[in-house]
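Enquirer: curious how this folds, go ahead:
(2 chains)
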There are 2 protein chains.
Amino acid sequence: MRVYLECIPCFLRQALQAVCLATKDKAMQEKIMREILQMLHEISWNTSPPEIGWRVHHMVKEMTNNADPYADLKRRFNELALALYPTLEEKVLHASNPFEIAVRLSLAGNMIDFGARPGETINVEEEIEKTLQEPLDKKTLEKFKKAVEQAKNILFLGDNAGEVVFDKFLIKQIGTEKITYAVKAKPIINDATLEDAKIAGLNGIVEVIDNGSDIPGTILEKCSENFIDAYKKADLVIAKGQGNYETLNDVDKPIAFLLKVKCRVVAQNMGRKEGELAIHLQNVYC
Amino acid sequence: MRVYLECIPCFLRQALQAVCLATKDKAMQEKIMREILQMLHEISWNTSPPEIGWRVHHMVKEMTNNADPYADLKRRFNELALALYPTLEEKVLHASNPFEIAVRLSLAGNMIDFGARPGETINVEEEIEKTLQEPLDKKTLEKFKKAVEQAKNILFLGDNAGEVVFDKFLIKQIGTEKITYAVKAKPIINDATLEDAKIAGLNGIVEVIDNGSDIPGTILEKCSENFIDAYKKADLVIAKGQGNYETLNDVDKPIAFLLKVKCRVVAQNMGRKEGELAIHLQNVYC
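Expert: Model (predicted):
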């Protein structure tokens, strides 16, 4: 998916948030915002939004010498998600439709996103309650269930810190033995890294790898050989979040995108409504 | 009030809205957005937000040869406001507290603002209902009432097209004979011009002048001599909207700002909350 004009103000909103998290030095904040304006003026927009998003966040990190401006936020949401886990696990285990509840909780976790919704506060418990009630296309859910049952090797592309915890219910429903879970190689926004996967307790349950890249999405040309091997081996990819959709929505691979549609441009591109819960199957035939 | 870092993404949101209203030519839209990024990179931010806002909208108008991208929106809101007028006038006339209702309706009209809230849809009838119910500091209201009663010459700085219609109730409550109503000299965003004041039916009721400027606020150095005469003669200024607050919040003149607080930076500067209805008295002693 290519950058829309509407992405431009959003890049600046993201820049502002990252700058304020990365440094309290007002002069430096202004300097970085100015540099980002210049970069956006010059750069080609014929690319995917996460690629430019990466540049924005990379500039903030470089200019402030702060490798991980979102570290505190990630820690907070890891802790919050882990605290909620036992109760939610009970809910899944006692549900009449545990697969659906697990999918919904994975979708609820996708709200912990400081890229698409910079500056907004997130009430995770409220989001969970909402996501358990919201409409979800049952036919697509059934098709997705069939696809994961038939798949032998699933590559699960995680999205954000904290969100990983919420993916565990779905991972357990699918069957841990056939899943490889991929995270980012370095901190970018609040995307999950190996450390976050470890904190979430994924290690020992499934194979966890990083994708060799820190783009807030998945640009295959920028990923490591190890990741590409896992990608090639997989007969189904589960891809969480908008960033993965924006970068993988035209690759020739069976992909189940699981996301909450958080902005108008992604909604428009997907033919969906803003705010919708989406199981979006691409090249999935079963 | 000076530009905050948070104004930068907002300028781009405004640019995007104006660009999309001004032209359907996608290549031109991108070209203008790029030029605006460059301008924001270069320009001093040690100025008020409306001054940079003016530059943004001016660039859109110049580059598209479209002198009034908001013409249709202004027409629509003029018509809508006029259609609501008779019912609302009944409400004021039969109220036990007509002055308060008139102030509230003037504040409700301030929601018709495509600068502070670009891209958002406005449900005027809903806004009116809300604004009639919302908290409003009664002590300040009383002080404002006393100030307008004591004033001999009031300069009323209007804000947006359509909103002017909603100011009429307050104008009538105050007494038309001591009011001069000022609008912008040329179209800028959806700010009211002489034409909008005429459509609203202000002519013949009060003296209507333009301020000689098309900045979406009031920068005295850019205003006409005629306007400055009226400003000097006035013993009280009533100033509608954020743009007027942002440009007049440190002048030495008795000013009653009437506005709905629409963004975080204005809220912060005023020491108020986003969304609040504000009667903000500056140098008003009575």
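
Enquirer: wait, A:C263 sits on A:E274?
Expert: Yes: shown here, A:C263 and A:E274 form a contact pair, counting by C-beta atoms under 8 Å, at 6.7 Å. Where you see a C-beta, it was placed from the backbone N, CA and C, and this is true even at glycine.

Enquirer: more neighbours: which of these two?
Expert: Between A:C263 and A:E274, A:C263 has the larger neighbour count (other C-beta atoms under 10 Å in any protein chain shown), namely 19 against 13.

Enquirer: need the pLDDT of the closest residue to the more buried one other than its chain neighbours.
Expert: Among residues not flanking A:C263 along the chain, A:A116 sits closest, at 5.6 Å (C-beta to C-beta, 6 or more residues apart in numbering or on different chains). With respect to pLDDT, A:A116 scores 75.

Enquirer: quick check: A:E207 is in a helix.
Expert: No: counting by DSSP: H, G, I helix; E, B strand; the rest coil, A:E207 is not part of a helix but strand.

Enquirer: which SS class is the residue nearest to A:C263?
Expert: Per three-state DSSP, the local secondary structure of A:A116 is coil.

Enquirer: ok, now which ones touch it?
Expert: Counting by C-beta atoms under 8 Å, 6 or more residues apart in numbering or on different chains, A:A116 makes contact with A:Q242, A:K262, A:C263, A:V266.

Enquirer: if we go to 6 Å?
Expert: Going by C-beta atoms under 6 Å, 6 or more residues apart in numbering or on different chains, A:A116 touches A:Q242, A:K262, A:C263.

Enquirer: and it, its phi and psi?
Expert: With angles defined as degrees, to the nearest 10, A:A116 sits at phi -70, psi -20.

Enquirer: how about the residues of chain A near chain B?
Expert: Within chain A, the positions lying close to chain B (C-beta under 6 Å from any C-beta of the partner chain) are A:5, A:8-9, A:12-13, A:16, A:29, A:33-34, A:37-38, A:40-41.

Enquirer: from the contacts of A:A116, which land in strands?
Expert: Cross-referencing these against strands under DSSP state E gives no overlap.

Enquirer: for these, which one is nearest A:P254?
Expert: Proximity of the contacts of A:A116 to A:P254 (C-beta to C-beta) peaks at A:Q242, which lies at 19.5 Å.

Enquirer: picking that back up, which of the residues of chain A next to chain B sit farthest apart?
Expert: Pairwise distances among the residues of chain A next to chain B were taken by C-beta to C-beta; the largest, 25.3 Å, belongs to A:L5 and A:Q29.

Enquirer: about what we covered before: can you redo the contacts of A:A116 as TSV with pLDDT?
Expert: Output for the contacts of A:A116, formatted as TSV (pLDDT from 0 to 100):
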residue	pLDDT
A:Q242	97
A:K262	93
A:C263	93
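
Enquirer: between these, which is nearest B:A151?
Expert: Using C-beta to C-beta, the contacts of A:A116 come closest to B:A151 at A:C263, 47.8 Å.

Enquirer: the longest helix seen in chain A: how far from the chain's middle?
Expert: The longest helix of chain A (DSSP state H) is helix A:71-93. Remark: helix A:71-93 is offset 16 Å from the chain centroid, using C-alpha atoms, centre = their mean, to the nearest Å.

Enquirer: got the contact list for the nearest residue to A:K184 once chain neighbours are set aside?
Expert: Nearest non-adjacent residue to A:K184, counting by C-beta to C-beta, 6+ apart: A:D191, 4.6 Å away. A:D191 makes contacts with A:N160, A:K184, A:P216, as judged by C-beta under 6 Å, 6+ apart.

Enquirer: state the distance from A:D191 to chain B.
Expert: According to C-beta to the nearest C-beta, to the nearest Å, A:D191 stands 21 Å off from chain B.

Enquirer: what's the pLDDT at that residue?
Expert: Confidence at A:D191, expressed as pLDDT, is 97.

Enquirer: related to what we said a few turns ago, now, of the residues of chain A next to chain B, which are buried?
Expert: Buried members of the residues of chain A next to chain B, scored by 16 or more other C-beta atoms under 10 Å in any protein chain shown, are A:L5, A:I8, A:P9, A:L12, A:R13, A:L16, A:Q29, A:M33, A:R34, A:L37, A:L40, A:H41.

Enquirer: hang on, the earlier thing: now for the longest helix of chain A, which elements pack on it?
Expert: Contacts defined by 3 or more C-beta pairs under 6 Å, 6 or more residues apart in numbering or on different chains; DSSP states H and E place helix A:71-93 against helix A:98-109, helix A:163-174.

Enquirer: hmm, 8 Å instead?
Expert: When contacts are defined as 3 or more C-beta pairs under 8 Å, 6 or more residues apart in numbering or on different chains; DSSP states H and E, helix A:71-93 packs onto helix A:98-109, helix A:124-133, helix A:163-174, helix A:194-199.

Enquirer: give me the buried positions along it.
Expert: For helix A:71-93, a neighbour-count test (16+ other C-beta under 10 Å) marks A:L73, A:K74, A:F77, A:N78, A:L80, A:A81, A:L84, A:Y85, A:L88, A:K91, A:V92 as buried.

Enquirer: how far away is A:L136 from A:K273?
Expert: Going from A:L136 to A:K273 by C-beta to C-beta, to the nearest Å gives 13 Å.

Enquirer: the more surrounded of the two?
Expert: Per other C-beta under 10 Å, whichever of A:L136 and A:K273 has more neighbours is A:L136, with 17 against 11.

Enquirer: which SS state does that one fall under?
Expert: At A:L136 the chain is in coil, as set by three-state DSSP.

Enquirer: pretty sure it contacts A:E100?
Expert: Yes: at 7.3 Å, A:L136 counts as touching A:E100 under the criterion of C-beta under 8 Å.
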